[in-house]
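**Student:** using only what follows, build the 3D model:
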Amino acid sequence: MKTKRIVACAAFLWISVSGIGTSLWAGPPLVCFPFETDHSQSLPWGGSGWHETRPDYDTAKLAADTLSLLQPETPVIARMETIRRSALYGIRDQQAAKSVIEALKKRMQGAKGEAAALAQFDLGYFVETYKQALPILKRPVTGPAIDGYALVVQAVGKTGNPEMEFAAALMSSAKTSKEQQMGHLRRAAAGAKEGSLLARNLVSHFNHLGPDLRSLRASVTN
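**Tutor:** Okay, here's the model as predicted:
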């Protein structure tokens, strides 16, 4: 199933960007692979596919709905799935995407303490996910001039959260060196407990490094 999703996503984005001379041979990691969340509440979805937004969803509500789901108690991986969905709805309505970004920026500017780190993470992760989804529009579109990866790294520095390290590892595949990505992965794997939601998502998203958490840890520490 994982291989089929990769092919489907890569093919979808290839069709989307082939007209502007860009090739994508692998699916963008923030967009093409839904996260396992143990059924945490998220934005409405039309099916099990990575891009199955619901046509009846009112994107005028996207900013309000997205922020209402990103509560302080919301686990980081659940945040990542909500943001993935929000970005894909934002592709359908770019004004709605801009509203999400502005709302996340405003919240970050007024946040303090632990809430500030979460707000940095949410804005950074949304921006980079949205940028990866832009080829779906089938025309050149300039993404927001925000370094989302830098915001996520700042949030990691404040919290040491291994789920945020997992997010940074996914983002850094296109942003940084292999060594930096492996550093994020190593810290994420070290902080994951066997059978946890983080462990399951690490293995499903980096299964080329090992079929289980123990194997993945060995791969990133060697």
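**Student:** could you use CA atoms for every contact and neighbour count after this?
**Tutor:** Noted.
**Student:** domain assignment for this protein?
**Tutor:** What the record gives for the chain is the domain set 2-143, 160-222, from automatic domain parsing.
**Student:** now do the end-to-end distance for the last one.
**Tutor:** Distances were taken as CA to CA, to the nearest Å; on that basis the terminal residues of domain 160-222 are 22 Å apart.
**Student:** how far away is the residue nearest the centre of the chain from Ala115?
**Tutor:** The centroid of the chain falls nearest to Leu30 when counting by CA atoms, centre = their mean (3.9 Å). Going from Leu30 to Ala115 by CA to CA gives 23 Å.
**Student:** kindly report the same for Lys193.
**Tutor:** From Lys193 to Ala115 the distance is 24 Å (CA to CA).
**Student:** could you pull out the buried residues of the longest helix anywhere in the chain?
**Tutor:** For the chain, the helix that runs over the most residues, judged by DSSP state H, is helix 113-133. Under the neighbour-count criterion of 16 or more other CA atoms under 10 Å, helix 113-133 has 116-133 buried.
**Student:** with stretch 151-171 instead?
**Tutor:** Of the residues in stretch 151-171, 151-156, 162-171 count as buried by neighbour count, 16+ other CA under 10 Å.
**Student:** quick one: contacts for the residue nearest to the centre of the chain?
**Tutor:** By CA atoms under 8 Å, 6 or more residues apart in numbering, the residues touching Leu30 are Arg84, Glu128, Thr129, Gln132, Leu170, Met171.
**Student:** what's the closest of those residues to Arg187?
**Tutor:** Arg187 lies nearest to Leu170 out of the contacts of Leu30, by CA to CA, at 13.1 Å.
**Student:** ok, now how distant is the closest one from Gln41?
**Tutor:** Taking CA to CA, one finds Leu170 at 22 Å from Gln41.
**Student:** what about Ser177, how many residues nearby?
**Tutor:** When neighbours are counted by other CA atoms under 10 Å, Ser177 registers 10.
**Student:** okay, it: pLDDT?
**Tutor:** Confidence at Ser177, expressed as pLDDT, is 78.
**Student:** cool, and Cys9?
**Tutor:** Looking at Cys9, its pLDDT stands at 66.
**Student:** surely Gly210 and Val220 touch.
**Tutor:** No - judged on CA atoms under 8 Å, Gly210 makes no contact with Val220 at a distance of 9.8 Å.
**Student:** sounds good, over and out.
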